[in-house]
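Peer 1: Please find the sequence and the predicted model below.
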Amino acid sequence: MDSGLDSGNYEPAGEAATASFRERVLAVVKLIPAGQVTNYGTVALLAGKPRAARQVGGILYGLRESEMDVPWQRVINAQGGISTYKVGSGELQVALLKAEGVEVIDRTVDLNVYGWRPDDDLLSG
DNA sequence: TGTATGACAACAA
DNA sequence: CTTGTTGCCATAC
């Protein structure tokens, strides 16, 4: 646990303003409802870095068992496609999504059906 | 301190 | 529809 200190990433007992981008990204991903998906750009936007979509992928790539509570499978690309095939997690991601009821056809998800609308989530709760 | 990298995104042809 | 190019910016080295 603590022995495996994360890459120079500490939390100076302050506000989220000092929290690393990584911390905020993981927090945002946890907000994605089961059975729905969103894209890297949206996660980056909600994390406060509208142009850091690529970094979101890089962060999720480094996830380990410690962060297994992060529903990374709900994050796909803006085209509704599974981006994890290039890192060998495609099959796993599709399996996890289908287990939540998300239909994946030809490695693609219909964002018009399963796309998460942060607005709806904010309005309802 | 500087360079290279990449689970992206938007656009051109 | 596909393929290639460009912009982007936090991390890694």
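Peer 2: Thanks, I have it.

Peer 1: The residue nearest to residue A:32 when sequence neighbours are not counted and DNA strand C: what is the separation?
Peer 2: Once flanking residues are discounted, residue A:32 sits nearest to residue A:74: 4.3 Å by C-beta to C-beta, 6 or more residues apart in numbering. Where C-beta positions appear, they are placed from N, C-alpha and C, glycine not excepted. With distances taken as C-beta to the nearest atom of the strand, to the nearest Å, residue A:74 is found 20 Å from DNA strand C.

Peer 1: my read: residue A:74 touches residue A:40, true?
Peer 2: No - using C-beta atoms under 8 Å, residue A:74 makes no contact with residue A:40, being 11.3 Å away.

Peer 1: Leaving out chain neighbours, which residue sits closest to the closest residue to DNA strand C within chain A?
Peer 2: Nearest residue of chain A to DNA strand C: residue A:51, at 3.2 Å (C-beta to the nearest atom of the strand). Leaving out its chain neighbours, the residue that sits closest to residue A:51 by C-beta to C-beta, 6+ apart is residue A:44, at 7.0 Å.

Peer 1: show me the contacts for the residue in chain A that DNA strand B sits nearest to.
Peer 2: As assessed by C-beta to the nearest atom of the strand, DNA strand B sits closest to residue A:57 within chain A, at 2.3 Å. By C-beta atoms under 8 Å, 6 or more residues apart in numbering, residue A:57 lies in contact with A:40, A:83.

Peer 1: check which helix or strand covers it.
Peer 2: Using DSSP states H and E, residue A:57 maps to helix A:53-61.

Peer 1: Residues in contact with the helix or strand just after that helix: which ones?
Peer 2: Scanning forward in sequence from helix A:53-61 by DSSP H and E, the next helix or strand is strand A:75-76. Strand A:75-76 is touched from outside by A:29, A:32, A:37-40, A:43, A:56, A:60, A:82-83, A:93, A:109, with contacts defined as C-beta under 8 Å, 6+ apart.
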